[in-house]
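J.: Turn this into a model:
(3 chains, ligands or ions: 1)
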Amino acid sequence: MRGTAVSKHPLLDGLNPEQAAAITADLGPTLVLAGPGSGKTNVLTRRIAWLIQEHNLPHHRIMAVTFTNKAAGEMRSRVEKLLGSKLRGLQIGTFHSTCARFLRRDAPILGYRDNWVIYDSDDSQRLIKAIVAELGYAPKENPARRINNRISAAKNEMILPANYQAMSRFDERVARIYAAYQQALQAANAMDFGDLLLNMALLLQRSEERRKDYQDRFLAVLVDEFQDTNTVQYQLVKLLSAPQQFVFVVGDEDQAIYRFRGADYRNLLRFRKDYPQSTVILLEQNYRSTQTILDVAGAIISNNRNRTAKNLHTSRGQGEPIAVHEAYDEQYEADFVLEQVRRLRDSASIAYSDIAVIYRTNAQSRAFEEAFIRARLPYTLLSGFGFYQRREIKDLLAYLRLIYNPDDRVSFERIINTPARAIGKKSLQEFADWITREDLALSDALNLLYYDDFNPLSRTVKRKFREFSQLLSAWRDMAQPGGLGDLFQHIVAQTRYDLHLEKTSQHEDEALDRAQNLSEFYGMLLNADEIGQSLHDFLDERSLYTTADSLEDDDDKVRLSTFHSIKGLEFPAVFITGLEQDNLPHRNAIAEGIEGIEEECRLFYVGITRAEDHLFLSYALQRRPFGGSSINGTSQFLSDLPAHLLDGSPLTLAYLRQARAATAPTQWEPRHPIFERKPKPIAPSANPTIRAQFAAFKAPQKPTLRVGGRATHKQFGDGLVIGIESTGDIASVLFDQSELKKVFAEDLTPLGE
DNA sequence: TTCTCATACTTTTTT
DNA sequence: AGTATGAGAA
Ligand SMILES: Nc1ncnc2c1ncn2[C@@H]1O[C@H](COP(=O)(O)OP(=O)(O)OP(=O)(O)O)[C@@H](O)[C@H]1O
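T.: Here you go, the predicted structure:
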């Protein structure tokens, strides 16, 4: 029966029996555990329609959580299409958007004023940095970024400053900073990303009245990508779905890739434990990929421990083999991708937007961007440094935010002297000291400037701040829905931000570029005006929406993305690039040990399973991060690929075979990557054979002679050992005085570091 | 106080 | 490569 369609009910049309079982399951807790492409999201969508149609739940009493805002929008329109009516009250959003929406109304209960703003990680780090300075800690030993990570982790675990357990000296400082940071956030009337979730959970825990209200409103709660929920999200689901427990979650532990954000795939197990009466449904039919792609994916993921083995199968047929490509460096890798993109379009009539290029780190997008620009092929980035992170945009946003929330300290400090108004360190200090001494809110202080009796500031300082405060109040009066574009024009004109741009740009080009960004931003404000957005709508949306969220599907451009941002999507053709040890798995993940490496393995798995028909894997022998350069061995995951499913140049395939022979299947031992920050200039050989040898890094066979170490040879002198044959008796050495040579290992004497 | 220049530091993934 | 910080001159 499996795999055959049942079609008794229009909502079940074309679904297989397991999918139908999930959709029609009883109202009680239900868990759908299934691999990629098995229709989990599809099932969740239809389940919503089913609840409305068959269980007569009013649509506004259903809440669904998706992983991205874009997925939320798509889910809403699909449900509407299934039911043939608009469903404005249906609550669908990410955890963050949903919480922000609820808190927009309820935050005053927690002591926020209703014009609170959302701080992104950059804002948080600025605030933390200021606090570190105020507490007199050394900025170097207490980097804002690291501290922010600790604080976020605590919030994800619902640990409040008072309960923060300090296990080290560093942690003791973190605990103090965390407490001060929370106070500063409250004073600034701001919430960071973690607060959005934590405050919502606290609200539900602390206010019985609000809890009952939300619980009464939401009869059913549905969550997609449940494997990537963290503690506070899990608690939110639990709190909101009580007491009737009509909770429906879908997930796949093999696709858990947000551990760094506190997510724990064991929430799937926890769900089964917390709801012992829950129905568990497995889906095994894959509708997305060819069998070859599934087999490769399966071979990769089967090395992970602690997982339910899934028996994925497809009716899509075997498909074509997986292409593996070795490139000399990232530019050649990009050229390879370009070449294949053109070929796919010409011979397989695949649109640009049907193609995804996936990499581990955002920095890797650069080589692809440059190549695509050179070749004049259209592309778009799903992740990375976005529009809103540009200096000029952040400045203008800070103006808007301060207008909306005059207590926003981070924005205030950003723009008080941008453009320069002769308010330097000293003036600012005098102002800040006064505020601290009198324990004033920033907004109150800005008002008190007008009353000489109430402030002790020196004449000039007072005058300068007063002028700023006057501007601010004038703008605030203008900040009405429909007038955001005008407001922008006034800000730019009255601060002479245009002149500031010119002054602070190095070249004409840069000034022009930044001015263009500003007009693009202006366009967005006009757009907001058109749809009648208020300032807070606009600010919230831009804090919570990512580049990928606002991308139109029909925009015919190749998608460049990290593994993380590509999750949940599918493409006829997928390129997975940068398959080098230390890149995937990333060196930092390797340092985290087996958990880290298994997560990297899942990243690879997620990437592979995005592909419908065409899958390309590539690695580069050399990369140039940070102006330096590194020579890389191939990813350990490449050795786990079943050889008979691969296609590539004979040399590459031979090399992979060799690599497989040399390493026992997936030892999670970090191999010894060759990583030289600034290696001696290496003359890259054009000879493919030599290049292949160059690539043939092996795990060390003799403890004495180490790949990546230096050794001396009686005839050729000193050199860098870049490879050792699996037999252990022959080594490839890059000699300082000559070139790459293969020599007998016994003629080499290892040198100390 | 502002601007310019040199120097040091970074070095995963995202809401 | 890119940003952030600090010193010194205008
Ligand atoms: N019963 C079905 N018949 C035909 N196609 C289906 C069926 N169910 C799902 N699909 C298709 O399979 C693809 C994958 O579905 P979906 O995105 O819901 O899977 P998923 O399990 O959520 O995947 P992932 O875990 O990778 O995000 C989609 O293109 C969907 O339209």
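
J.: Remind me which helix or strand A:Pro139 belongs to.
T.: A:Pro139 is part of no helix or strand when elements are defined by DSSP states H and E.

J.: Give me the phi and psi for it.
T.: Per-residue torsions, A:Pro139: phi -60, psi -30 (degrees, to the nearest 10).

J.: give me the number of residues near it?
T.: Neighbourhood size, A:Pro139 [other Cβ atoms under 10 Å]: 10. All C-beta atoms are positioned from the backbone trio N, CA, C, and that covers glycine.

J.: quick one: contacts for it?
T.: Listed by Cβ atoms under 8 Å, 6 or more residues apart in numbering, the contact set of A:Pro139 reads A:129, A:132-133.

J.: where does the stretch 251-400 of chain A dip in pLDDT?
T.: Applying pLDDT under 70 to the stretch 251-400 of chain A picks out no residues at all.

J.: if we can go back for a sec, show the buried residues in the contacts of A:Pro139.
T.: A:129, A:132 (16 or more other Cβ atoms under 10 Å).

J.: Just to check, A:Arg316 is in contact with A:Thr290?
T.: Yes - A:Arg316 lies in contact with A:Thr290 (Cβ atoms under 8 Å); the separation is 5.3 Å.

J.: Out of the two, name the residue with the larger neighbour count.
T.: A:Thr290 (22 against 18).

J.: who touches that one in this structure?
T.: Residues in contact with A:Thr290, defined by Cβ under 8 Å, 6+ apart, are A:314, A:316-320, A:612-613.

J.: who in the stretch 401-550 of chain A is up against DNA strand B?
T.: Residues of the stretch 401-550 of chain A lying close to DNA strand B (Cβ under 7 Å from any atom of the strand) are A:417, A:420-427, A:503, A:544, A:546, A:548.

J.: Out of these, which are close to the ligand?
T.: Filtering those for proximity to the ligand by Cβ under 6 Å from any ligand atom leaves nothing.

J.: Take the residues you listed and write them to TSV, including secondary structure.
T.: Formatted as TSV, those follow (DSSP: H, G, I helix; E, B strand; the rest coil):
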residue	secondary structure
A:Asn417	coil
A:Ala420	coil
A:Arg421	coil
A:Ala422	coil
A:Ile423	coil
A:Gly424	coil
A:Lys425	helix
A:Lys426	helix
A:Ser427	helix
A:Lys503	helix
A:Leu544	helix
A:Thr546	coil
A:Ala548	helix
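
J.: Name the spans of the stretch 51-200 of chain A whose pLDDT lies under the cut-off.
T.: For the stretch 51-200 of chain A, no range has pLDDT under 70.

J.: and A:Gln291, how many residues sit next to it?
T.: A:Gln291 has 18 nearby residues by other Cβ under 10 Å.

J.: Could you look up the SS state of the residue nearest to it when sequence neighbours are not counted?
T.: Leaving aside its sequence neighbours, A:Gln291 sits nearest to A:Gln318 (Cβ to Cβ, 6 or more residues apart in numbering; 5.0 Å). Three-state call for A:Gln318 (three-state DSSP): coil.

J.: Could you double-check that A:Gln318 lies in contact with A:Thr292?
T.: Yes - using Cβ under 8 Å, A:Gln318 is in contact with A:Thr292, at 5.7 Å.

J.: How is chain A divided into domains?
T.: According to automatic domain parsing, chain A comprises the domains A:4-103+A:198-285, A:118-186, A:389-537, A:700-750.

J.: Now do the helices in the stretch 351-500 of chain A.
T.: A:365-375, A:391-404, A:409-415, A:425-438, A:442-448, A:459-478, A:484-495, A:497-504 (DSSP state H, counting those that start in this stretch).

J.: Show residues contacting the next helix or strand after the last one.
T.: Once the chain leaves helix A:497-504, the next helix or strand it forms, by DSSP H and E, is helix A:508-530. The set of residues that contact helix A:508-530 without belonging to it, under Cβ under 8 Å, 6+ apart, is A:387, A:390-393, A:396, A:481-485, A:487-489, A:492, A:497-498, A:501-502, A:505, A:537-538.

J.: buried set for helix A:508-530?
T.: Neighbour-count burial for helix A:508-530 [16+ other Cβ under 10 Å]: A:511, A:514-515, A:517-518, A:521-522, A:524-525, A:528-529.

J.: Likewise for stretch A:58-76?
T.: A:59, A:61-72, A:74-76.

J.: right, is it up against DNA strand B?
T.: Yes - among the residues of stretch A:58-76, A:Thr68 lie within reach of DNA strand B under Cβ under 7 Å from any atom of the strand.

J.: List phi and psi for the one residue in the stretch 201-350 of chain A that gets nearest to DNA strand B.
T.: As assessed by Cβ to the nearest atom of the strand, DNA strand B sits closest to A:Phe260 within the stretch 201-350 of chain A, at 3.5 Å. For A:Phe260, the backbone dihedrals (degrees, to the nearest 10) come out as phi -60, psi -10.

J.: list the contacts for the residue of the stretch 251-400 of chain A at minimum distance from DNA strand C?
T.: Closest approach of the stretch 251-400 of chain A to DNA strand C (Cβ to the nearest atom of the strand) occurs at A:Arg391, with a separation of 7.0 Å. When the contact criterion is Cβ under 8 Å, 6+ apart, the partners of A:Arg391 are A:Arg514.
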